[in-house]
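>>> requesting a structural model of the entry that follows:
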Amino acid sequence: MSAEGERKTETIPQWKQEEVDDIVEMIESYDSVGVVNIAGIPSRQLQDMRRDLHGTAELRVSRNTLLVRALEEVNDGLEGLTEHIAGQVGLIGTDSNPFSLYQELESSKTPAPIGAGEIAPNDIVVPEGDTGVDPGPFVGELQSIGADARIQEGSIQVLSDSTVLEAGGEVSQDLANVLNELGIEPKEVGLDLRGVFSDGVLFAPEELELDVEEYEQDIAAAASRAFNLSVNAEYPTATTLPTMLQSATGDAKSLALSAAIEDPEVVPDLISKADAQLRALAGAIDDPDALPEELQDVETAPAADEQADDQTENTDSEDDADDAEAETDEAEDDEDDGDAGDALGEMF
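Numbering: from 1, shown residues only. Alright, predicted model coming up:
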């Protein structure tokens with residue numbers, strides 16, 4: 001405890017010090033501690049909220065001076081919450097993370113009517129549709145607050161969504177009366193989080209307001225990009241290694257097939273490839289009688305047409321080579337014949 005804290009302890013009554021000690025104990029028992037606004041919440045509704053939070057969070061209400069003293073005694077960064085201690089507030093402690101706490105408090109809020117003199121928390125809109133009110137002076141009241149209202153088909157109807165007060169504006173008595181007549185409840189009642197401290201970080205409410213679904217999609221997209229980058233950069237991790245091994249196995253097999261490497265893992269595929277080439281070659285020969293008997297009834301493999309063409313080209317090349325070789329032989333024979341004639345000429 002700091003010297004200032006000891007000085008304060010010495011100057012306050014015993015019951016206040018006991019209250020501060022209880023608050024300090026409550027603060028130190030939770031991972032996350034925040035300040036919530038409880039202004040305007042009826043006592044019964046506040047008790048209901050406290051009951052609903054039981055098991056997940058604890059709400060502690062006390063004098064603001066004692067809340068500040070307790071936060072300062074704990075110190076450790078929580079004194080930053082003291083700037084939010086103003087008006088009707090309470091401390092809330094939870095072992096959940098600040099984002100979950102914010103979501104829970106926001107989801108627990110309920111609609112409520114707004115009174116004259118209150119500040120609109122959001123734009124107040126009178127929606128398009130039939131008000132269900134019979135024709136009478138009420139249509140004038142609607143028009144006086146800025147609603148696009150007319151009498152149609154025997155009732156007062158609002159012809160289009162009408163913003164009758166922007167956020168931050170003060171609610172007039174006339175507007176409050178009209179909203180009450182229409183049953184419009186433009187504000188929400190609940191624990192309004194002003195700030196929360198967790199793991200050494202002080203969060204503002206706007207930092208905790210997340211679209212969970214969009215956030216999850218962003219995380220999934222980032223993880224997918226990181227995965228692809230790791231695989232393409234050949235950077236092995238526990239997550240990417242199986243995919244990298246699978247890809248390397250496929251590349252090695254393709255190389256072995258192309259190079260006709262007789263590895264036990266590749267031999268079945270080599271045989272299949274050779275069979276397809278054989279069928280393609282057999283299918284390219286127009287005269288079945290030219291084929292061996294065992295190849296006359298084989299079906300041509302469609303995927304092997306190109307291979308068959310290559311094989312045919314190879315065959316033509318071989319024929320050309322045979323022709324060239326034959327011509328060479330004939331030339332040599334002619335040359336031999338010429339040599340023989342010359343020899344006979346010399347004899348005669």
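>>> and the next helix or strand past the helix or strand harbouring Val139?
Element membership for Val139 (DSSP states H and E) is helix 138-144. Of the helices and strands lying after helix 138-144 in sequence (DSSP H and E), the nearest is strand 149-152.
>>> check contacts around Ile114.
By Cβ atoms under 8 Å, 6 or more residues apart in numbering, the contact set of Ile114 is 120, 124, 171, 176, 179, 185-187. All C-beta spots, glycine's among them, are computed from the backbone N, C-alpha and C.
>>> hang on, the earlier thing: list the buried ones in the helix holding Val139?
By 16 or more other Cβ atoms under 10 Å, the buried positions in helix 138-144 come out as 138-139, 141-142.
>>> stretch 230-240 too?
The neighbour-count check on stretch 230-240 (16+ other Cβ under 10 Å) flags 230-231, 240 as buried.
>>> give me the contact list for it.
With Cβ under 8 Å, 6+ apart, stretch 230-240 has contacts from 227, 229, 243-244, 247.
>>> hang on, the earlier thing: now intersect the contacts of Ile114 with the strands, please.
124, 187 (DSSP state E).
>>> so who does the most centrally placed residue in the chain touch?
With distances taken as Cα atoms, centre = their mean, the residue of the chain nearest its centroid is Gln217 (1.0 Å). With contact set as Cβ under 8 Å, 6+ apart, Gln217 has no partners.
>>> tell me how far it lies from Pro264.
46 Å (Cβ to Cβ, to the nearest Å).
>>> how far out from the middle of the chain is stretch 267-279?
Stretch 267-279 sits 46 Å away from the centroid of its parent chain (Cα atoms, centre = their mean, to the nearest Å).
>>> average model confidence for it?
Average pLDDT, stretch 267-279: 89.
>>> likewise for stretch 128-144?
In this model, stretch 128-144 has a mean pLDDT of 92.
>>> do the same with stretch 17-26
The pLDDT scores in stretch 17-26 average 94.
>>> quick one: residues in contact with that stretch.
In contact with stretch 17-26 (Cβ under 8 Å, 6+ apart) are residues 9, 12, 58, 60, 62-63, 66-67, 69-70, 73-74, 91, 93.
>>> show me these that map onto strands.
58, 60, 91, 93.
>>> make sure Leu196 is indeed in a strand.
Leu isn't right for residue 196; it's Val. Yes. Secondary structure of Val196 (DSSP: H, G, I helix; E, B strand; the rest coil): part of a strand.
>>> all helices for the stretch 51-200 of the chain, in order.
Taking DSSP state H, counting those that start in this stretch, the helices of the stretch 51-200 of the chain run over residues 64-74, 98-107, 138-144, 173-182.
>>> circling back to that earlier point, if any of the contacts of stretch 230-240 are buried, put those into a ChimeraX selection.
The buried subset of the contacts of stretch 230-240, as determined by 16+ other Cβ under 10 Å, is captured in ChimeraX by this line:
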select :244
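>>> can you tell me which two in the contacts of stretch 230-240 are farthest apart?
The distance between the two most remote of the contacts of stretch 230-240 (Cβ to Cβ) is 14.6 Å, for Leu229 and Ser247.
>>> picking up where we left off before, tell me the one of the buried residues of stretch 230-240 nearest Ala252?
The closest of the buried residues of stretch 230-240 to Ala252 turns out to be Val231 (Cβ to Cβ; 16.5 Å).
>>> how much space between the closest one and Ser247?
The gap separating Val231 from Ser247 is 7 Å, by Cβ to Cβ.
>>> repeat for Phe197
Phe197 is 47 Å from Ser247, by Cβ to Cβ.
>>> Leu78 now?
Leu78 sits 51 Å away from Ser247, going by Cβ to Cβ.
>>> check Ile184 too.
Going from Ile184 to Ser247 by Cβ to Cβ gives 61 Å.
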